[in-house]
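1. My questions concern the predicted model and sequence given below.
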Amino acid sequence: MRRALDEAAQAALAGDVPVGAVVLGPDGALLAAGHNEREATGDPTAHAEVLALRRAAAALGAWRLTGCTLVVTLEPCTMCAGALVQSRIGRVVYGARDEKAGAAGSLWDVVRDRRLNHRPEVIHGVLEDACAARLTAFFRER
């Protein structure tokens, strides 16, 4: 999560919402990292999770991220939750809950919806205070 927090700091420096993500391989090694780049790229899908998933798939040479873990500072939104399900990621670890748009247990629970063909393990609250503090500071300054 500390590596994801470092990514979040990079997003904030670029004027984007400070969310960072990393994908770890089945062996725990870092495969890819990403941070929000919506402002930098003008791309509404440039969320940290989506960018990290794309980079991990490229590193592996395959879209199935079976056995991999995504670690992200903020609970994934519905778009990102859908991408997680589609990538067949094994585990999702997140820091701060997102009561307004969270789709991994807060507002919705897309990633564990029994109607879908894949449901990753979800672990929440990892370094939650640090993750939430970074977001709060960013929005307070704005």
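-> That came through, no problem.
2. would you list every one of the helices in this structure?
-> 2-13, 38-41, 48-60, 78-87, 128-141 (DSSP state H).
3. Tell me which other helices or strands the last one touches.
-> Going back to what we said before, that points to helix 128-141. Judged by 3 or more C-beta pairs under 8 Å, 6 or more residues apart in numbering; DSSP states H and E, helix 128-141 is in contact with helix 2-13, strand 69-74, strand 91-96. Bear in mind the C-beta positions are built from the backbone N, C-alpha and C, glycine included.
4. Please identify the most buried of the ones you listed.
-> Of all these, strand 69-74 has the most neighbours on average by mean count of other C-beta atoms under 10 Å, namely a mean of 28.
5. Helix 2-13 and that strand, what's the angle between them?
-> Per axes from the mean of the first three to the mean of the last three C-alpha atoms, to 10 degrees, the angle that strand 69-74 makes with helix 2-13 is 40 degrees.
6. what's the angle from strand 69-74 to helix 128-141?
-> Here strand 69-74 runs at an angle of 40 degrees relative to helix 128-141 (the same axes, to 10 degrees).
7. Tell me the strands beside strand 69-74, with direction?
-> Strand 69-74 pairs in its sheet with strand 20-24 (antiparallel), strand 91-96 (parallel), by DSSP bridges.
8. hmm, who's touching it?
-> The contact list for strand 69-74 (C-beta atoms under 8 Å, 6 or more residues apart in numbering) reads 1, 3-5, 7-8, 18-24, 28, 48-49, 52-53, 80, 84, 89-96, 98, 126, 131, 134-135.
9. hey, C-alpha coordinates of that strand in PDB?
-> What follows is strand 69-74, C-alpha atoms only, in PDB (Å, rounded to 0.1, in the frame of the first residue of the first chain):
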ATOM      1  CA  THR A  69      -3.400  -8.700  -6.500                       C
ATOM      2  CA  LEU A  70      -4.400  -5.100  -7.100                       C
ATOM      3  CA  VAL A  71      -3.600  -2.700  -4.200                       C
ATOM      4  CA  VAL A  72      -5.300   0.700  -4.400                       C
ATOM      5  CA  THR A  73      -5.500   3.600  -2.100                       C
ATOM      6  CA  LEU A  74      -9.300   4.200  -2.700                       C
END
